[in-house]
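Student: give me a 3D structure for the following:
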Amino acid sequence: MKRRFLIFAAAVSSALFLSSCAVGPDYERPVVPVPENFRNIHGQVDASNWLTARWWRQYNDPALDYLVSKAIANNRTLQQTMANVEKAAAQVTVSRSSLFPQLSYSGDGGKARQSLNTVTGAMMDGKAITTYEGLANASWEIDLWGRIRRQTESAVASYRSAQAAHKAAIASVIGSVVSTYFSILAADEQYRIDVATAESYFETYKLFKLRFQYGNVSEMEVAQARSQWESAMVQIPQIRQNRTELINSLSILTGIAPKAMPQFKKLDELSTPVIAAGIPSDLLTQRPDIIEAEETLKAANADIGAAKALYFPTISLSAGLGYASDELHNLFKSPSHMWSYTGSFTGPIFRWGAVTAGVKSAEAQQKAMLAAYQLAVAQAFADVDNALSSRENAVIELRTKRALVKSLQEYQKLATAQYQGGYTGYVTVLQAEQSLLPQEIQLAEVKARALSSIGQIYQSLGGGWIDQALIEEEQAIKDLAEAEKLKKEQVQAAPETSSSVPLPLRKPDSPEEIPNPEINSDAVPIPVAEPHK
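Tutor: You can find the predicted model right below:
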């Protein structure tokens with residue numbers, strides 16, 4: 001009879017659970033107007049190429065590939081966002097577990113003696129009472145109004161939002177590695193140009209000093225040559241400091257020590273990736289920040305239902321089955337059997353507006369997340385438009401800057417030839433050289449910006465290349481775990497007299513993974529300034 005009653009109660013509860021309807025609004029994706037295409041972009045494109053390409057490999061630079069791989073494996077920001085994903089995944093399990101009956105067990109044993117001055121003590125004639133008890137308990141909150149389901153829905157959306165945030169972090173880290181790397185290459189080129197120019201100016205200054213001794217040039221021309229040389233010298237420390245800061249930033253991004261950086265190429269040695277002729281707008285659905293914003297909106301929408309469910313009573317079922325006896329050897333015998341089951345419900349009557357305020361708070365949060373989602377979509381299209389425009393203008397600027405540098409170089413040669421022929425003064429040469437050096441310095445920056453603009457387009461679009469990087473990260477985590485396990489095993493297997501066990505060095509997987517710490521040493525000599533007499 002008891003068993004039938006429990007089965008009946010469970011069946012009724014299950015029917016109520018399955019037929020109930022969760023309170024609160026169901027999520028519907030907001031309608032956000034989006035452009036069909038982007039400015040200055042026409043034609044068709046194979047979306048699969050954009051979705052899966054590891055775009056940084058199109059520069060054909062093994063050092064860059066190595067740096068990106070190290071950043072994916074070692075970056076601390078990515079490790080933080082990955083921990084947030086794991087935390088959100090655990091919270092989904094916590095929320096979902098409340099949908100099912102909770103089973104537990106308990107047991108106790110004790111011995112007590114009552115006072116003879118009490119009725120119980122007098123009846124027992126002062127004898128001690130021994131009790132043993134073992135129980136199996138089951139409890140279940142019937143989610144009649146969908147509160148637990150809404151909480152689970154919110155937890156799942158938060159988990160997906162954390163995943164998208166991690167992907168966004170991966171995209172940001174890769175983009176930062178690429179742009180920082182190009183900035184370093186630009187600094188290297190600027191350094192070479194400035195040092196070579198300073199050496200040339202120094203030789204001119206020494207020549208003018210010698211000619212001044214024989215009366216061939218004036219003292220003013222010597223001073224002009226010296227000021228020209230010193231003006232070039234003063235830029236060298238600035239370039240070196242900028243490069244040092246960039247190297248340290250790259251070290252933080254990749255986890256590679258500054259002295260262990262791989263061999264860097266020159267800007268002109270890199271390949272230029274090709275951008276497809278057309279970019280469909282639906283590629284933006286792959287952007288992690290849009291996914292993150294929408295999942296956060298879903299979570300806020302579900303929180304409204306969870307808050308509204310507090311208006312209604314909470315219905316719970318609980319049951320216990322076990323044994324109790326005053327003798328341990330009789331505990332599991334039939335007469336010691338005991339059981340119980342109860343049902344309860346609780347609901348609000350008057351809580352001074354707390355439930356209503358909770359609903360309003362959840363609705364306000366949903367409005368905020370809706371605005372954040374709409375802003376993320378608008379920002380995404382602006383980012384793509386800006387990236388395409390930046391790429392187009394960078395190409396034009398690079399072409400015109402190269403033409404300008406070429407013209408100034410020709411001007412400098414002609415001015416030098418005229419001065420040497422006695423047709424003009426040294427001031428003309430000075431003006432030509434002073435105009436040329438800053439434009440050569442700026443040309444290196446424009447080259448780096450033109451190369452980085454391609455990566456900005458990929459970043460603004462999102463896509464499957466982030467998933468490919470995520471797979472690489474997961475493999476790196478597994479490799480790290482295996483290395484740590486091997487290290488522990490070697491330490492445990494070492495003789496007790498040995499305080500440490502040297503681990504075998506891992507051979508690089510490919511030649512480009514071999515770091516070359518000497519490649520980035522500043523080997524170019526800098527002319528030493530003469531003291532003023």
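
Student: in the stretch 51-200 of the chain, which spans are helices?
Tutor: 62-74, 76-97, 119-123, 147-213 (DSSP state H, counting those that start in this stretch).

Student: helices or strands up against the first one?
Tutor: By that I understand helix 62-74. helix 147-213, helix 235-254, helix 464-493 (3 or more Cβ pairs under 8 Å, 6 or more residues apart in numbering; DSSP states H and E). All C-beta atoms are positioned from the backbone trio N, CA, C, and that covers glycine.

Student: give me the below-cutoff pLDDT ranges for the stretch 401-533 of the chain.
Tutor: Residues of the stretch 401-533 of the chain that meet the criterion pLDDT under 70 lie in 494-533.

Student: hey, where'd the helices end up in it?
Tutor: Listed in chain order, the helices of the stretch 401-533 of the chain (DSSP H, counting those that start in this stretch) span residues 426-461, 464-493.

Student: neighbours around the residue nearest to K127 when sequence neighbours are not counted, how many?
Tutor: Leaving out its chain neighbours, the residue that sits closest to K127 by Cβ to Cβ, 6 or more residues apart in numbering is R113, at 7.2 Å. The number of residues packed near R113 is 11, by other Cβ atoms under 10 Å.

Student: bridged to R113, which residues?
Tutor: Each beta-bridge partner of R113 is listed here, defined by DSSP bridges: A128.

Student: how near is it to T130?
Tutor: 10 Å (Cβ to Cβ, to the nearest Å).

Student: quick check: E472 touching L78?
Tutor: No: contact status for E472 versus L78: not in contact, 11.2 Å apart, counting by Cβ atoms under 8 Å.

Student: look up phi and psi at P101.
Tutor: Main-chain dihedrals, P101, degrees, to the nearest 10: phi -60, psi 140.

Student: that one - how many residues pack around it?
Tutor: The number of residues packed near P101 is 13, by other Cβ under 10 Å.

Student: mind checking pLDDT for G322?
Tutor: If you check G322, the pLDDT there is 57.

Student: oh, I was asking about G175
Tutor: Looking at G175, its pLDDT is 91.

Student: cool, M261 as well?
Tutor: The model reports M261 with a pLDDT of 92.

Student: most packed of the helices and strands packed on helix 62-74?
Tutor: The highest average neighbour count among those, using mean count of other Cβ atoms under 10 Å, belongs to helix 147-213 at a mean of 21.

Student: how far out from the middle of the chain is that helix?
Tutor: Offset of helix 147-213 from its chain centre (Cα atoms, centre = their mean, to the nearest Å): 16 Å.

Student: the inter-axis angle of it versus helix 235-254?
Tutor: Using axes from the mean of the first three to the mean of the last three Cα atoms, to 10 degrees, the direction of helix 147-213 lies 160 degrees away from that of helix 235-254.

Student: tell me the buried residues in the following helix or strand past helix 147-213?
Tutor: The first helix or strand that comes after helix 147-213 along the chain, using DSSP states H and E, is helix 219-233. Neighbour counts over helix 219-233 (16 or more other Cβ atoms under 10 Å) mark 221-222, 224-226, 228-229, 232-233 as buried.

Student: CA-only coordinates of helix 219-233 in CSV, if you can.
Tutor: Taking Å, rounded to 0.1, in the frame of the first residue of the first chain, the C-alpha atoms of helix 219-233 are listed here in CSV:
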residue,chain,number,x,y,z
GLU,A,219,82.5,77.4,-39.8
MET,A,220,78.8,77.8,-40.2
GLU,A,221,78.7,74.9,-42.6
VAL,A,222,80.6,72.8,-40.1
ALA,A,223,78.0,73.7,-37.5
GLN,A,224,75.2,72.8,-39.9
ALA,A,225,76.7,69.4,-40.5
ARG,A,226,77.2,68.8,-36.8
SER,A,227,73.6,69.8,-36.0
GLN,A,228,72.3,67.6,-38.8
TRP,A,229,74.2,64.6,-37.4
GLU,A,230,73.1,65.3,-33.8
SER,A,231,69.4,65.7,-34.9
ALA,A,232,69.6,62.1,-36.3
MET,A,233,71.4,60.8,-33.2
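
Student: residues making contact with that helix?
Tutor: Outside helix 219-233, the residues that touch it by Cβ atoms under 8 Å, 6 or more residues apart in numbering are 194, 197-198, 201-202, 204-205, 208-209, 212, 426-427, 430, 433-434, 437, 526-527, 529.
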